[in-house]
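Asks: generate coordinates for the sequence data below:
(one chain, ligands or ions: 1)
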Amino acid sequence: MKQVNKRKWVIACIMAGIVLTMVIVASINVFANNLAPPAQDISSGNEKWDQLTGSPSIVVTSAVGRAGEEATLSVLLENNPGISLFRLTMKYDERLSFVSAAPGDILTHHFYAHHIAANREVGVSATSSGQGDVMAGGIVFTITFKIDEGVQAGEISLELGYFDEYDAFVSNYKLMQFEIAQQGKITVSSSVYGDFTGNGRVDATDILWIRRYIVAGRSIAVMKQVFGPTTIDTFNESMADITNNGIVDATDILWIQRYIVSGRDVDVMISVFNPSIDFSHLRASTGTAR
Ligand SMILES: [Ca+2]
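Replies: Residues are numbered from 1 along each chain as shown. Below is the predicted model of the structure:
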């Protein structure tokens, strides 16, 4: 009997201990939750934050150009929660030369572009006018490169980034690093006569697209509406005119066919078809001048 009572007493003590522990743990949790910072600390005092439909992000536009030409990219900030300063870096490869960087329409004060030629890198920074955060989205800065002479048709990727963890946008005096949602690229289109599509090669695709171009009233805009491929951005109307007489017509299609069947060799084409047209421009553009 005594033994049973003792066991009951021990069980009651254990139960009481468990209940007491649960109460203590719950109290600590309540206390901790009261002390914890809000999940989006960055948003405090920034009433615009709640109105944003997407997360703040940086988008770099793309550009198209030919060897020897300049191409300008824009760095855009979307869903701006309010910024007063930024520092970013743009890296480029050996096919490009840095020309200039210019302020966009968001932050225009104390604009500074620092070109580190040895690293093929441009550091860019700017601030608001000292009036606090700028809320609008828009162009952070633009950057212009020259596509070096002799660069082959193709795509050149550029790399926008932060120098290090201390480089960022500043909003309400807090550092933020927005996601870089889209990197920029420069598409180098070809300047070879007959290469209408700009991919660096004269082939059946050029004939197809020149036909469509003529059907569309020789308007790239109309052709884009009707056929709609994004690669139309690289198309080069002047290169469709392989006869170099100022008009793109069926004669150009004929001579592009003859150039292809001649093994893309201007001398073979001339010896076989004996044209009255001077094709020295074609020879020069394909790099076979002699
Ligand atoms: Ca022509």
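Asks: how about whichever helix or strand residue 160 is part of: buried residues?
Replies: Per DSSP states H and E, residue 160 falls inside strand 159-161. Neighbour-count burial for strand 159-161 flags residue 160 (criterion: 16 or more other Cβ atoms under 10 Å). All C-beta spots, glycine's among them, are computed from the backbone N, C-alpha and C.
Asks: what of stretch 214-230?
Replies: Quick answer for stretch 214-230 (16+ other Cβ under 10 Å): 214, 216, 223.
Asks: parallel or antiparallel, list what pairs with the strand holding residue 160.
Replies: Strand 159-161 pairs in its sheet with strand 85-91 (antiparallel), by DSSP bridges.
Asks: make sure residue 270 is actually in contact with residue 277.
Replies: No: taking contacts as Cβ atoms under 8 Å, residue 270 lies outside contact range of residue 277: 9.4 Å.
Asks: returning to that earlier point: now, which of the buried residues of stretch 214-230 sits nearest the ion?
Replies: Of all these, the ion sits closest to residue 214, with 10.8 Å by Cβ to the ion.
Asks: and the closest one, that one's in a strand?
Replies: No: under the criterion used here (DSSP: H, G, I helix; E, B strand; the rest coil), residue 214 is helix, not part of a strand.
Asks: from residue 134, how far off is it?
Replies: Plainly put, residue 214 is 49 Å away from residue 134 if you go by Cβ to Cβ, to the nearest Å.
Asks: who's in contact with the strand holding residue 160?
Replies: Contacts to strand 159-161, defined as Cβ atoms under 8 Å, 6 or more residues apart in numbering, come from residues 58, 60, 75, 88, 89, 90, 91, 92, 180, 183, 184.
Asks: apply 7 Å and report the result again.
Replies: Residues outside strand 159-161 that contact it (Cβ atoms under 7 Å, 6 or more residues apart in numbering) are 58, 60, 75, 88, 89, 90, 91, 180, 183, 184.
Asks: max pairwise distance over those residues: which two?
Replies: 58 and 91 (14.6 Å; Cβ to Cβ).
Asks: between these two, who's got more neighbours?
Replies: Taking neighbours as other Cβ atoms under 10 Å, residue 58 and residue 91 compare with residue 58 leading, 21 against 14.
Asks: the more buried one touches residue 180, doesn't it?
Replies: Yes: in this structure, residue 58 is within contact of residue 180 by Cβ atoms under 7 Å, at 4.8 Å.
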